[in-house]
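**Q** Okay, here's the prediction I keep looking at, along with the sequence it came from:
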Amino acid sequence: MNKKLNFLKMSKVTVWISLSILIMGIFSMIENTKIFKMEKTDGSTSSLPLNLGIEFTGGSVFEVALGEESSTTELRELLSDKLTKNPQIQKSGDVYIIRTEFISNPDEIYLLLESKYKNFNKDENVSSERIGPLFSQELAKRAYLATFIGMLVILLYISIRFSFIFAQGALVALVHDILFVLSYFAIFKVEIGLPFVAAILTILGYSINDTIVVFDRIRENMNKLKNEKFSKICETSLWQTLSRTINTTTTTLLAIMAIQVFGGATLKPFTTALIVGFIAGTYSSIFIATPYVNSKQK
Amino acid sequence: MSLLIKRWIWIIGVISVFSIAPVLKIADNKNPLNLGLDLSGGVDILIKVIAPPEEKLDEIVPGVVDVMSKRLDPQGVLSISVQQVSEDRINIQVPSSSGESPERVRRLIEQSAHLELVDTSFISYLAGSKACRNDGQSYENCDLVYTKDQVVIEGGDLKRATVSPNPNGGWQVDFELNESGSNAFARHTASHISQYLTIVLDANVVSSPIINSAIFGNGSISGSFSIEEANELALLLNAGRLDADIDILKLSSVGAALGKDSLEKSIKAAWIGLILVALYMLACYKRRGVAAVFSLVIFSSILFSLFSSLNITLTLPGIAGLILSIGMAVDANVIIFERIKEEERSGKSGLLALEEGFSNALSVITDANVTTFLIGLVLYALATGPVRGFAVTLLIGIMVSVFAALVVTRAIMETWEK
């Protein structure tokens, strides 16, 4: 097989690109702690490495009646300009329930609403209150624990079906993908809402799937091409699975891109995370997981 | 019988079994799929927990959360979320797809479900009389005032409550007592024959039956209940009583959190995405692409029917799980087709290439799906809330996707080759 491209050789360059993106991500997270703060209910503030949405930080909730000629979309636009975080708006008859970041002086919001809606009267049917995070510490703790144990299970299963080195490779790729997505969100300061959690989980599954497809081929070729060098086996396997990799990535990206382009605004951060994660997942199975295994396998 | 015919029987069997529930639901004019509060809107409730004096709030609130979940969603399938949002506040979200009306939700939340069977010796009380327990506080306007010593059985002694028809018309709630309750009940009834045992629920007399003979282990509460009332009482008793007073701060019907307009657009977008995927598969794999598209249509219909049959509530994280399993279903097809192509390149053709392609793809499809399935299992077992919703759809999605790739796609392609 005489191919011009050699993935394993290329990976020696790409690993630096990966690393520099991840380092940029970490720097952005450190920088972000200066911008993003979370005011706790006891009055103290804590710094956040990412632009966490109100589902994570808690905030204020307003209930206001705005009259007939109002719409959620319009209200969202009005508030988004003023607020740093995306508000959540739910409609109930002509009453709107607006969840925002913590606002110590509700009058700021009322003035804004008064300027736009003639029917709005802040002395009538208005309430404002402070709320805790929807994704509470307790929930977060359990999610972390589940993810951690999930990774251990993956490590165990791949160790049994392949070998411990392969399991390490898969895990390194997985951590790379998640850090990659987090870096993207840190660098571009994209707000992270509850759907982001779902997106990260999806990426986790996708990344593992991609890596296993390549590993399976290496395993098969280790039996078929016993006399070849391991690096040759890896290279061959990557080439053999390449058309599958391209086709699967294209189909998944097509579907997600369609939602990104034509879908509603509230889903954008979710699909953005998926797109970044899927690209990272495909990339890492070729340029991270396989080279890692190659470097360790003797 | 050939293997191929067996495969088709399996496919038709699976589709018909799982489509019973959605067909019944559609015939019943119900929505075949349950959508969560984030997708469909519903009732949003904020309650404040008021701990009894000398009790600590942080010890009481988790119990209240638990009782509320059991009351509103005893089977745990409606995706009703009950969350502590601050020290003394609990947020309850009931999606409109659960079919609960705001009135019923309010009733279920408000009642403390404090049941007591009180020894009132020779006096019987009318249903609806006000009953007060003498605990040192004032008790004005009470028809019945009783002391702690008169209480024979409390709600906590109950093991289980069920509903049955009352021989005298209407419905009654039967209860089974735990061991200590059962002993106390037998002892009391044996020694108080021809006296009255008054049933008090939340400070109201439900009925005042006379003791005819010693009763062991179980009894029943027979007021003039309709079936709905009896069911509700049994539900409340089974969920356990509230150890705190609660105050409903807010109870309102809300629209979808993700915005209805935004959601409708996204559903359209998802269709466009799926059509693009189908077109790509057709362009890439020609005739085999048709098999893949067919297989994916069958995959989706089985998945849809399963969600409907199992009463699973779809939320956004659930849809993310769905996207992953659809992705894996497409991927399995791609892997199989690429394998068959390889076999054809090495000179095999027709059924033989098909056979070899499938068997070579088997190990990778197994490993990839088992790993993802294991992640799903861990998430399902350990996580709560949105993460769990993701796990549920992922687990079901993966099972169906493996079936679709290994059985459905294969059956379609073999039928063509023959």
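**A** Happy to help now that I have it.
**Q** contacts, neighbours, all on C-alpha from now
**A** Noted.
**Q** Would you mind measuring from the residue lying farthest from the centre of chain A to A:Ser295?
**A** What lies farthest from the middle of chain A is A:Asn227; by CA atoms, centre = their mean that is 42.3 Å. Taken as CA to CA, to the nearest Å, the spacing of A:Asn227 relative to A:Ser295 amounts to 18 Å.
**Q** now swap in B:Thr313 and tell me
**A** In terms of CA to CA, B:Thr313 sits 46 Å off from A:Ser295.
**Q** Write out the residues of the stretch 301-418 of chain B neighbouring chain A.
**A** For the stretch 301-418 of chain B, the contact set with chain A under CA under 8 Å from any CA of the partner chain comprises B:316-317, B:320-321, B:323-324, B:327-328, B:330-331, B:334-335, B:338, B:363-364, B:367-369, B:371-372, B:374-375, B:378-379, B:382-387, B:390.
**Q** A:Pro87 reaches A:Leu79, doesn't it?
**A** Yes: with contact defined as CA atoms under 8 Å, A:Pro87 reaches A:Leu79; the gap is 7.2 Å.
**Q** who's more crowded, those two?
**A** Using other CA atoms under 10 Å in any protein chain shown, the more surrounded residue of A:Pro87 and A:Leu79 is A:Pro87, with 21 against 18.
**Q** Identify each of the helices in chain B and give its residue range.
**A** Remark: helices assigned in chain B by DSSP state H are B:3-27, B:37-40, B:57-72, B:102-110, B:179-191, B:227-239, B:260-309, B:316-345, B:350-382, B:385-403, B:410-417.
**Q** okay if I get these as a markdown table plus mean neighbour count and mean pLDDT?
**A** Output for these, formatted as a markdown table (neighbours: other CA atoms under 10 Å in any protein chain shown; pLDDT from 0 to 100):
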| stretch | mean neighbour count | mean pLDDT |
| --- | --- | --- |
| helix B:3-27 | 15 | 85 |
| helix B:37-40 | 24 | 73 |
| helix B:57-72 | 19 | 80 |
| helix B:102-110 | 16 | 80 |
| helix B:179-191 | 17 | 83 |
| helix B:227-239 | 20 | 80 |
| helix B:260-309 | 19 | 87 |
| helix B:316-345 | 24 | 89 |
| helix B:350-382 | 19 | 90 |
| helix B:385-403 | 24 | 88 |
| helix B:410-417 | 16 | 88 |
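**Q** I figured A:Ala199 was touching A:Val276, is that so?
**A** No: with contact defined as CA under 8 Å, A:Ala199 and A:Val276 do not form a contacting pair (10.2 Å).
**Q** Around chain B, pick out the residues from the stretch 151-298 of chain A.
**A** A:151, A:153-154, A:157, A:161, A:195, A:197-199, A:202, A:205-206, A:208-209, A:212-213, A:216, A:243-244, A:247-248, A:251-252, A:254-259, A:261-267.
**Q** Is it possible to mark the buried ones in the residues you listed?
**A** Buried members of those, scored by 16 or more other CA atoms under 10 Å in any protein chain shown, are A:151, A:153-154, A:157, A:195, A:197-199, A:202, A:205-206, A:208-209, A:212-213, A:216, A:244, A:247-248, A:251-252, A:254-259, A:262-267.
**Q** got the contact list for the residue nearest to A:Asn247 when sequence neighbours are not counted?
**A** With sequence-adjacent residues excluded and distances taken as CA to CA, 6 or more residues apart in numbering or on different chains, A:Asn247 is closest to B:Val334, at 7.2 Å. Each residue near B:Val334 by CA atoms under 8 Å, 6 or more residues apart in numbering or on different chains is listed here: A:244, A:247-248.
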